[in-house]
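Colleague: Give the three-dimensional model of this entry:
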Amino acid sequence: EPGVGVGALVGRRARGPPIHMSIRWLYPFAVVQHAVRQAFSPNVFRAILAGKIETEIIYQNELCIAFKDIEPAAETHLLIIPRKHIDDWTKLTSDDRDLLEAMNQVADKALEISGIDVQNAETKRGFMTPPYNTQMHLHMHALSLPMTESGIRRAAFDSDVFVTPSQVAASWKVSEGS
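Modeller: Residues are numbered from 1 along each chain as shown. Take a look at the predicted model:
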């Protein structure tokens, strides 16, 4: 926002309420790290989609693919990415309802293939809100619970910077005034 310093933005995100107190102090660092990643880091997910980086695809359909997170925060931690490039969940619109639904369906199928009974097991899925996301390509985390990660990363998954698919869809209703 013009005329607003980073200090005034601490604890706020592009849309929504202040972030969880346990990670609020990270915001200035996350902003800098996010900018550096955008400028200098290759996008791993685009490289995977282009076949330049190999990964074991757990499940895929015409809209997205699912594979294991290389730094899992739970015993089963999968990433679901769309084939078309979208920076992050804040760029999704109500026109992307089918994509969001496809990502959920791929998450269900990939979790089942990974041995998780999605009807009875406790799972968590969602998107990190910028600047807390590590790649500038939309990706949904699908995790079995309990989580094995602790510390700051665990706090991020338990805070409101981790946005569920239903929260994304609800944000469309708010922005559309319905």
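Colleague: Run through the strands of this structure in chain order.
Modeller: With strands called from DSSP state E, the chain shows them at 57-60, 64-68, 77-82, 123-128, 140-144, 162-163.
Colleague: Nearest to residue 116, out of these?
Modeller: strand 140-144 (5.0 Å; Cβ to Cβ). Any C-beta I mention is one placed from the backbone N, CA and C, and that applies to glycine too.
Colleague: who's in contact with the closest one?
Modeller: 66, 69, 73-81, 103-104, 107, 110-111, 114, 116, 121-128, 157, 162, 165 (Cβ atoms under 8 Å, 6 or more residues apart in numbering).
Colleague: For the longest helix anywhere in the chain, which helices and strands make contact with it?
Modeller: Taking DSSP state H as the criterion, the chain has its longest helix at helix 97-113. Judged by 3 or more Cβ pairs under 8 Å, 6 or more residues apart in numbering; DSSP states H and E, helix 97-113 is in contact with strand 57-60, strand 64-68, strand 77-82, strand 123-128, strand 140-144, helix 165-176.
Colleague: and those as a markdown table, adding mean pLDDT, mean neighbour count and distance to residue 94?
Modeller: Below are the helices and strands packed on helix 97-113 laid out as a markdown table (pLDDT from 0 to 100; neighbours: other Cβ atoms under 10 Å; distance: least, Cβ to Cβ, whole Å):
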| stretch | mean pLDDT | mean neighbour count | distance to residue 94 |
| --- | --- | --- | --- |
| strand 57-60 | 97 | 18 | 25 |
| strand 64-68 | 97 | 20 | 18 |
| strand 77-82 | 98 | 24 | 16 |
| strand 123-128 | 96 | 20 | 16 |
| strand 140-144 | 97 | 24 | 18 |
| helix 165-176 | 85 | 14 | 4 |
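Colleague: Phi and psi next, for the closest residue to residue 108 other than its chain neighbours.
Modeller: Once flanking residues are discounted, residue 108 sits nearest to residue 118: 5.0 Å by Cβ to Cβ, 6 or more residues apart in numbering. Note on residue 118: its backbone torsions stand at phi -70, psi -20 [degrees, to the nearest 10].
Colleague: who touches residue 118 in this structure?
Modeller: By Cβ under 8 Å, 6+ apart, the neighbours of residue 118 are 108, 111, 112.
Colleague: Any of those buried? List them.
Modeller: 108, 111 (16 or more other Cβ atoms under 10 Å).
Colleague: Closest to residue 133 out of the contacts of residue 118?
Modeller: Nearest to residue 133 among the contacts of residue 118 is residue 111, at 21.0 Å by Cβ to Cβ.
Colleague: quick one: contacts for the spatially closest residue to residue 63 that is not a sequence neighbour?
Modeller: In space, and not counting its chain neighbours, residue 63 is closest to residue 102: 4.2 Å by Cβ to Cβ, 6+ apart. Going by Cβ under 8 Å, 6+ apart, residue 102 touches 61, 63, 64, 82.
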